[in-house]
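Engineer: 3D, please:
(chains A and B)
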Amino acid sequence: GEDVEQSLFLSVREGDSSVINCTYTDSSSTYLYWYKQEPGAGLQLLTYIFSNMDMKQDQRLTVLLNKKDKHLSLRIADTQTGDSAIYFCAERASGGSYIPTFGRGTSLIVHP
Amino acid sequence: GAGVSQTPSNKVTEKGKYVELRCDPISGHTALYWYRQSLGQGPEFLIYFQGTGAADDSGLPNDRFFAVRPEGSVSTLKIQRTERGDSAVYLCASSLGVQGAGNSPLHFGNGTRLTVT
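Structural biologist: Sure thing, here's the model as predicted:
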């Protein structure tokens, strides 16, 4: 969706950290999500953050939110080859019909 | 428990034919969403149900597309007079509902890959 922007590709070496970035335009966004999609599969929810939070950590995943700049990032520590997938950022506004809007996805490629 | 189930997983049809795509949401989820994903793109919203009624159908591209959810559970997306441009993966998702939206994120099925020849 045009309201959520992501870079299309990221390539990292196994064991390094990956940082996937996302920007959004709707200042009323209340929840922001990260989904993972493997080939031939649907979207798997990884984590989400409420807009009154700056950071959320869940095992190898760290989400950072800069609400002023409308910037969201997902950091994956100790990236593994199994992390290779497409990662989608999505935002959900507080007004309207709460329909999540997705970015085009970032394809993460992990090299051994 | 069982996740969102979509059938068929693949559908090949000829231009001009009618197709139905089925979605069986997670039990107890009142909200159901249909998205369409074209190659290299993110999911694009089509329609959202809260219970039996379509709460928002603003994403349906034209009147060839229609969806129903008669008993508030299973939903069917119907496409009439299919065109080659309808080829995409059609994703269904469900959630507990709109209230406390972030605590009820969307759970997706594996999608139906529709190919119109």
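Engineer: pLDDT score for A:G1?
Structural biologist: Note on A:G1: pLDDT of 41.
Engineer: partner residues bridging A:L74?
Structural biologist: A:I20, A:V63 (DSSP bridges).
Engineer: Chain A against chain B: which residues are in contact?
Structural biologist: Applying C-beta under 8 Å from any C-beta of the partner chain, we find that chain A lies next to chain B at A:1, A:4, A:30-31, A:33, A:35, A:40-45, A:48, A:50, A:88, A:92, A:97-105. Where you see a C-beta, it was placed from the backbone N, CA and C, and this is true even at glycine.
Engineer: Pull up the pairing partners for the helix or strand harbouring A:K56, direction included.
Structural biologist: Applying DSSP states H and E as the criterion places A:K56 in strand A:55-58. If you go by DSSP bridges, strand A:55-58 pairs up with strand A:61-66 (antiparallel).
Engineer: Show me how far the partner strand is from its chain's centre.
Structural biologist: Remark: strand A:61-66 is offset 9 Å from the chain centroid, using C-alpha atoms, centre = their mean, to the nearest Å.
Engineer: I would like the residues contacting it, please.
Structural biologist: Contacts to strand A:61-66, defined as C-beta atoms under 8 Å, 6 or more residues apart in numbering or on different chains, come from residues A:32, A:34, A:46-49, A:51, A:53-57, A:71-77.
Engineer: For the least confident helix or strand in chain A by mean pLDDT, which helices and strands make contact with it?
Structural biologist: In chain A, the helix or strand scored least confidently by mean pLDDT, DSSP states H and E is strand A:29-37, which has a mean of 89. Identification of packing neighbours for strand A:29-37 by 3 or more C-beta pairs under 8 Å, 6 or more residues apart in numbering or on different chains; DSSP states H and E yields strand A:18-24, strand A:43-50, strand A:61-66, strand A:85-93.
Engineer: Adding mean neighbour count and mean pLDDT, write those strands out as TSV.
Structural biologist: As requested, the helices and strands packed on strand A:29-37 are exported to TSV (neighbours: other C-beta atoms under 10 Å in any protein chain shown; pLDDT from 0 to 100):
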stretch	mean neighbour count	mean pLDDT
strand A:18-24	19	96
strand A:43-50	18	92
strand A:61-66	17	96
strand A:85-93	23	92
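Engineer: Tell me which of those strands lies nearest to B:G53.
Structural biologist: strand A:85-93 (20.2 Å; C-beta to C-beta).
Engineer: re earlier: just the buried members of the residues of chain A next to chain B?
Structural biologist: With neighbours counted by 16 or more other C-beta atoms under 10 Å in any protein chain shown, the residues of chain A next to chain B contain buried members at A:1, A:4, A:30-31, A:33, A:35, A:42-43, A:48, A:88, A:92, A:98-105.
Engineer: Verify the stated contact: B:G16 with B:T82.
Structural biologist: Yes - taking contacts as C-beta atoms under 8 Å, B:G16 lies within contact range of B:T82: 6.6 Å.
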